[in-house]
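J.: could you look at this predicted model? Sequence included:
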Amino acid sequence: MITFFIYLVVITLFYHNQYAQQILLVRYIAEVATNLNFGSHKFIKLTRILSLVQKSHKIDLRAACGLQASLWPPLAYSIIINMSYIIKKISKETLYQNYDYVVMDRSKLCGCKGVRTCFTCEKEFNLTPTVNSEDLKKLSSASYCSYCNLLWSGWNAYEYKNHPNHTGTSYYLDGIFIEHEFISEEEETMLMKNLDVMPWDVSQSGRRKQNFGPKCNFKKRRLSMGNFNGFPLSTKFVQDRFDTIPIMKDYFTIEQCSLEYRPEIGASIDPHVDDCWIWGERIVTLSLQSDTVLTLTPHKIKYSNQYNIDYIPNGKYLPIPVNSVNYPIDVVRILMPRRSLLVLYGKPRYLWEHCILREDIHERRVCIAYREFTLPYLNGGEKYTESCDILEKAKCFW
Ligand SMILES: O=C(O)CCC(=O)C(=O)O
Ligand SMILES: [Fe+2]
């Protein structure tokens, strides 16, 4: 049935000569294939199959499809053959354009890689963003009220302003905490001034960033000091204030990352789960300059151990139901007002993906994202010898 469906898509593809559509369809076929994770040692990696195609056709299909997966061999071979057909059907000119899109280092143009896009590369290569908020709006959504700690049905993230006069259905989801006005307006102004005198690096999906933390290789799960030199002194007061919040007890910041989102660049962050091998349970974000919304979306595990979810402590939240958070609501909207502090932990941190939609960035928004180590890398943990120098460095402010 699925194979037949894939054939249908491929046939449709033959009648489309537009480069962007071809890319999208290739990506779509691959996505269909990726979601069929049969989870057995017998199944070979789709990335390996795709690398064969890309070698013979000089095209980085893996990047075009943005995937990595185990796949049932007969299905995989059928996809490979279909993909070979697709590539052969693409004109030379399109192939070169295509080659540019998927292989070209876009760092001179923007910071996007693989399937991530911003306005700049979308315009240049006629690309379509992967996240479509209209699709999310069709799902059942609820928005978080920080005053009653409940979700209320609906998409509008400003629902919390109606507190206590909410209407509709409420749901409970433990693991979201918001402290309004965590810093004052004067502190926000000073903090922004101090951040903006430091250089910003380009990042993916139209963002810019300033990263302070050790070097982490999430794929190989290797940790090293890299250029980590501690944190800017001007930001110390924020970390110091964490002690005033009970759920932030013993929070020891290892990474601090400023992120900038500007609407004119189409900045956003695609749905993801923060790495579970090295980053501890509490994901902390201080929002600055403008309000935005954190959107939690259904967790779609694309391949085994994605986001290193196998490292979630004690298997506390495992097994994660594939493609389902097992909850009556599919999309959770959390308003992050400027100057507020958000702490995400437990189920919302591990079982849902979070993202910031382009349409939720109305003005320049900057946030400072904080991360702590997982237990094995803290004092007394079995990996402490690998992390003790980094823990020491993380006490420094310059
Ligand atoms: O901008 C935000 O608030 C979210 C950032 C985020 O999810 C991340 O850096 O992992
Ligand atoms: Fe994140």
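T.: Cool, the structure landed. Numbers count the residues shown, from 1 in each chain. Ligands and ions are numbered 1, 2, ... in the order given.
J.: could you check which helix or strand contains the closest residue to ligand 1 within the stretch 51-200 of the chain?
T.: Distances between the stretch 51-200 of the chain and ligand 1 by C-beta to the nearest ligand atom are smallest at residue 178, namely 11.9 Å. Where C-beta positions appear, they are placed from N, C-alpha and C, glycine not excepted. If you go by DSSP states H and E, residue 178 is part of strand 176-179.
J.: elements contacting that strand?
T.: strand 331-336, strand 341-344 (3 or more C-beta pairs under 8 Å, 6 or more residues apart in numbering; DSSP states H and E).
J.: what's the closest non-adjacent residue to residue 271?
T.: Nearest residue to residue 271, sequence neighbours excluded (C-beta to C-beta, 6 or more residues apart in numbering): residue 353, at 3.7 Å.
J.: if I look at that neighbour, how far off is residue 172?
T.: Relative to residue 172, residue 353 is positioned 20 Å away (C-beta to C-beta, to the nearest Å).
J.: of the two, which one has the most company?
T.: Higher neighbour count among residue 353 and residue 172: residue 353, with 19 against 8, using other C-beta atoms under 10 Å.
J.: A helix includes residue 270, no?
T.: No. Assigned with DSSP: H, G, I helix; E, B strand; the rest coil, residue 270 falls outside any helix and is strand.
J.: list the contacts of it.
T.: For residue 270, the contact set (C-beta atoms under 8 Å, 6 or more residues apart in numbering) comprises 115-116, 130-131, 205, 355.
J.: 7 Å instead?
T.: Contact analysis of residue 270 by C-beta atoms under 7 Å, 6 or more residues apart in numbering lists 116, 130-131, 205, 355.
J.: so which of the residues you listed wins on neighbours?
T.: Most neighbours among the contacts of residue 270, by other C-beta under 10 Å: residue 205, with 26 neighbours.
J.: who is the residue of the stretch 51-200 of the chain closest to ligand 1 paired with across the strands?
T.: Following DSSP bridges, residue 178 is listed with bridge partners residue 342.
J.: from residue 242, how far off is it?
T.: Separation of residue 178 from residue 242 (C-beta to C-beta): 14 Å.
J.: now swap in residue 270 and tell me
T.: Residue 270 is 28 Å from residue 242, where distance means C-beta to C-beta.
J.: beta partners for the closest residue to ligand 1 within the stretch 201-350 of the chain?
T.: The stretch 201-350 of the chain approaches ligand 1 most closely through residue 285 (4.4 Å), counting by C-beta to the nearest ligand atom. On the basis of DSSP bridges, residue 285 is bridged to residue 342, residue 369.
J.: what's the neighbour count on the residue nearest to residue 230 when sequence neighbours are not counted?
T.: Nearest residue to residue 230, sequence neighbours excluded (C-beta to C-beta, 6+ apart): residue 396, at 3.0 Å. For residue 396, the count of nearby residues is 11 (other C-beta under 10 Å).
J.: for residue 229, which non-adjacent residue is closest in space?
T.: Residue nearest to residue 229 in three dimensions, not counting chain neighbours: residue 398, with 6.5 Å by C-beta to C-beta, 6+ apart.
J.: hmm, that neighbour is touching residue 230, no?
T.: Yes. The pair residue 398 / residue 230 is scored as a contact, 5.5 Å apart, by C-beta atoms under 7 Å.
J.: which residues does residue 371 contact?
T.: Going by C-beta under 7 Å, 6+ apart, residue 371 touches 254-255, 279, 283.
J.: against ligand 1, how distant is it?
T.: Using C-beta to the nearest ligand atom, to the nearest Å, residue 371 is found at 8 Å from ligand 1.
J.: ok, what's across the strand from residue 217?
T.: residue 222.
J.: before we move on, the earlier item: who wins for most neighbours among the contacts of residue 371?
T.: Busiest of the contacts of residue 371 [other C-beta under 10 Å] is residue 254, holding 26 neighbours.
J.: was I right about that residue contacting residue 395?
T.: No. Counting by C-beta under 7 Å, residue 254 sits too far from residue 395 to count as a contact (10.7 Å).
J.: and for residue 340, the neighbour number?
T.: Residues near residue 340, counting by other C-beta under 10 Å, number 19.
J.: wait, it sits on residue 182?
T.: Yes. Between residue 340 and residue 182 there is a contact under C-beta under 7 Å: 5.8 Å.
J.: re the thing from before, any idea of the pLDDT on the residue nearest to residue 230?
T.: Per-residue confidence (pLDDT) for residue 396: 98.
J.: same question for residue 326.
T.: Note for residue 326: predicted pLDDT of 72.
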